[in-house]
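1. Below: sequence and its predicted model.
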Amino acid sequence: MQGLAIHDEIAAFLSQQPELSATAENPWVVFAKAEYQDRFSSFEAAYEYAAGKFDSGKFLIRNVRAEPSFIPLMYANK
């Protein structure tokens, strides 16, 4: 199975997320080339930066203040 085009960026984000989350300002971060690039106050500003500097689909934008993903648990009793 082939990995995601941004697998390295995701891994870099996950490894640096605790340090990036320590700063409250500018929650939107950009990762490209498997490295942290910069942080921004809005998604739009982060996207404008990344889209102008990196190839399409070759960067990751994440909000370090975002809640963790939640998958609801369903319980059925017979």
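-> Structure received. Please read all numbers here as calculations on a predicted model, not as lab measurements.
2. From E9, how far off is K53?
-> For K53, the distance to E9 equals 13 Å [C-beta to C-beta, to the nearest Å]. Yep, even glycine has a C-beta here, placed from its N, CA and C like the rest.
3. who touches both of the two?
-> Residues touching both K53 and E9 (C-beta atoms under 8 Å, 6 or more residues apart in numbering): A32.
4. Same drill for the two, tell me which one is more crowded.
-> E9 (24 against 13; other C-beta atoms under 10 Å).
5. which residues sit against stretch 10-22?
-> Applying C-beta under 8 Å, 6+ apart, the contact partners of stretch 10-22 are L4, V29, F31, A34, E35, Y36, R39, L60, R62, V64, R65.
6. quick one: average pLDDT of that stretch?
-> Averaging pLDDT along stretch 10-22 yields 93.
7. what distance separates that stretch from the centre of its chain?
-> Stretch 10-22 has its C-alpha centroid displaced from the chain centroid by 9 Å (C-alpha atoms, centre = their mean, to the nearest Å).
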